[in-house]
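> any chance you can model this:
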Amino acid sequence: MRVIVYFLYNFLVIPVLYCLFHIGYYFNDKIKQGIKGRKKLLRGLKNDLEAFTDKHPRFWIHCSSMGEFEQSKPLIRKLKKEFPRGFVIVSFFSPSAFEHIKGYNESDYNCYLPFDSKRRAAHFISEINPDIALIVRHDLWPNYLYELNRRNIPTILINSTIHRNKGYEIFYQIFERVLYHNFTAIFTISEETKKYFIDKNIYNGPIKYMGDTRYDQVIYRASNSSRIVRPLEKNINSRKVIIAGSTWPDDEQVIIDAVKRIKNEGMKIWLILIPHEPNKESLQNIRLKAKEYKLSYTKFSELNAQKPENNKTDLLIVDKVGVLAALYALGDICFVGGAFGPGIHNVLEPAAHGKIIIFGPKNSNSFEAQQLKDKGVAFEVNNADELYSLLTSILNKTEKLKNLGKKAKQIVSENVGTSDRIVEQLKHMYNL
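Here you go, the predicted structure:
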């Protein structure tokens, strides 16, 4: 089975993907960025890494995109603390991550992951020469995993989880079971995930419940949010604040509709809206929607040009990346986007600030969303009417907001420490 899967992947899937990527170069800015960023990567690696050849142990951490990179940050901090002479290289598949990490210097080297061919995978691994490879969550590339396995390089899947639906059941049984065979160990986010791996016979090697490093990162970011938040606090002016983060157009339609109705009833309210991707198109769509609903607005980038306390608009449109986690601290209630679109985004960031959380119906992809919902600190709505009713019922209940918020933060705090556990396990398993 393994031989057939690798044969089909390299002689059918890889050529098709290669053609699609290079066709997409002319139509998609992200694909264009990714191809350009990888153009001279392999040729430059040897020179770039020459200054690090004496550093050991060498850890390679691979992340798909920005979300996985955030999950890796507390682990990077822990590795650098435990191994001051160690070397940490972080690779990314997505341009949305790589283009936003400039200035990040906690790891020793950051780069794109070259496209997954047998030759490129072998070349890349030879140059970075890792002692241990750590793959975050689910970005599994067959040729890289095969090459790591062939060289007997310990390869660990961290923050592992599984989407359990019928479509994925078939996919795992046919394809990903072959890929999981290459891992030396798997660290899951929950006992439930660990049990699922075992019951479905997906992976027969060492599998351990470690938890999720995202809890470590959201607590860290929450404790360092004051620099961004403090200047904006003067804008509140006794208004109730709703933060809508990582939103897609369908989310924005629902939240703007509900906020407009609340405003019409005389409640003083301020909506801070942070789109999932603040590109020109998404920002323009929000501005048009605000005009349609007769909501006054200003952009986050314009606040520096005016005294913050003079901003009394209904809507603040955040046109900057990297500030969402901090901005959740301002909210009386936080709306997490994606659940009226492709699927819910990170609910732990607002929970770490002690906030009540609301989201749409597409939330089954998030273990944490289910946990917070079960504990009564997160609420699901199916449309603007339900959101309006929920907001009006709890926005003026100050004590309820505080009590539920404390409970949300406690849930997050109880789950910190995964990065420490992972590093201790690596030290124990590989005598580091």
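> quickly list what Asn110 is bridged to.
Val90 (DSSP bridges).
> ok, it to Ile14 distance?
25 Å (C-beta to C-beta, to the nearest Å). Bear in mind the C-beta positions are built from the backbone N, C-alpha and C, glycine included.
> neighbour-wise, which of these two wins?
Just comparing Asn110 and Ile14: by other C-beta atoms under 10 Å the higher neighbour count belongs to Asn110, 20 against 17.
> quick one: pLDDT of the more buried one?
Here, the pLDDT recorded for Asn110 equals 93.
> relative to Leu348, how far out is it?
Separation of Asn110 from Leu348 (C-beta to C-beta) stands at 24 Å.
> what of Tyr209?
18 Å.
> who's in contact with Glu252?
244, 273, 275, 285-286, 289, 337 (C-beta atoms under 8 Å, 6 or more residues apart in numbering).
> doesn't it lie inside a helix?
Yes. Counting by DSSP: H, G, I helix; E, B strand; the rest coil, Glu252 falls inside a helix.
> could you list the domains of this protein?
35-212+416-430, 225-413 (automatic domain parsing).
> circling back to that earlier point, need the buried ones from the contacts of Glu252 selected in ChimeraX.
Buried members of the contacts of Glu252, defined by 16 or more other C-beta atoms under 10 Å, are picked up in ChimeraX with:
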select :244,273,275,286,289,337
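> how long is stretch 200-208 end to end?
Start-to-end span of stretch 200-208 (C-alpha to C-alpha, to the nearest Å) is 16 Å.
> what's the neighbour count on Pro361?
Pro361: 13 neighbours (other C-beta under 10 Å).
> how about the one 3 residues further on?
The burial metric for Ser364, expressed as a neighbour count using other C-beta under 10 Å, is 14.
> now name the helix or strand holding the spatially most central residue of the chain.
Nearest residue to the geometric centre of the chain (C-alpha atoms, centre = their mean): Gly67, 1.8 Å. Assessed by DSSP states H and E, Gly67 sits inside helix 66-82.
> render the CA-only coordinates of that helix in PDB, please.
Provided in PDB are the C-alpha atoms of helix 66-82 (Å, rounded to 0.1, in the frame of the first residue of the first chain):
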ATOM      1  CA  MET A  66       0.200  31.900  10.600                       C
ATOM      2  CA  GLY A  67      -2.000  29.900  13.000                       C
ATOM      3  CA  GLU A  68       0.400  27.000  13.300                       C
ATOM      4  CA  PHE A  69       3.300  29.500  13.700                       C
ATOM      5  CA  GLU A  70       1.500  31.100  16.700                       C
ATOM      6  CA  GLN A  71       1.200  27.600  18.200                       C
ATOM      7  CA  SER A  72       5.000  27.100  17.800                       C
ATOM      8  CA  LYS A  73       6.100  30.300  19.500                       C
ATOM      9  CA  PRO A  74       5.900  29.100  23.100                       C
ATOM     10  CA  LEU A  75       7.700  25.900  22.100                       C
ATOM     11  CA  ILE A  76      10.500  28.000  20.400                       C
ATOM     12  CA  ARG A  77      10.900  30.100  23.500                       C
ATOM     13  CA  LYS A  78      11.200  27.000  25.700                       C
ATOM     14  CA  LEU A  79      13.700  25.300  23.300                       C
ATOM     15  CA  LYS A  80      15.900  28.400  23.200                       C
ATOM     16  CA  LYS A  81      15.800  28.600  27.000                       C
ATOM     17  CA  GLU A  82      16.600  25.000  27.600                       C
END
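> helices or strands next to that helix in the packing?
strand 58-63, strand 87-92, helix 95-98, strand 132-136, strand 155-160, helix 213-222, helix 418-430 (3 or more C-beta pairs under 8 Å, 6 or more residues apart in numbering; DSSP states H and E).
> before we move on, the earlier item: between Tyr209 and Leu348, which one's more packed in?
Neighbour count, other C-beta under 10 Å: between Tyr209 and Leu348, Leu348 has more, with 27 against 17.
> wait, isn't Asp314 in contact with Lys268?
No. With contact defined as C-beta atoms under 8 Å, Asp314 and Lys268 do not form a contacting pair (9.9 Å).
> name the residue in the two with the higher neighbour count.
Asp314 (20 against 13).
> list the contacts for that one?
Counting by C-beta under 8 Å, 6+ apart, Asp314 makes contact with 259, 263, 269-271, 290, 295-297.
> repeat for Pro57
Per C-beta under 8 Å, 6+ apart, neighbours of Pro57: 83, 86-87, 131-132, 432.
> give me the distance between it and Ala408.
37 Å.
> my guess is Leu134 meets Phe59, correct?
Yes. Using C-beta under 8 Å, Leu134 makes contact with Phe59 at a distance of 6.4 Å.
> so which strand or helix has Phe379?
With DSSP H and E as the test, Phe379 turns up in strand 378-380.
> so what does whichever helix or strand comes after that strand touch, helix or strand wise?
The first helix or strand that comes after strand 378-380 along the chain, using DSSP H and E, is helix 384-394. The helices and strands touching helix 384-394, judged by 3+ C-beta pairs under 8 Å, 6+ apart, are helix 249-264, strand 333-336, strand 356-359.
> what does helix 384-394 contact?
In contact with helix 384-394 (C-beta under 8 Å, 6+ apart) are residues 242, 253-255, 257-259, 261-262, 265, 267, 333, 335, 356, 358, 379, 381, 400-401.
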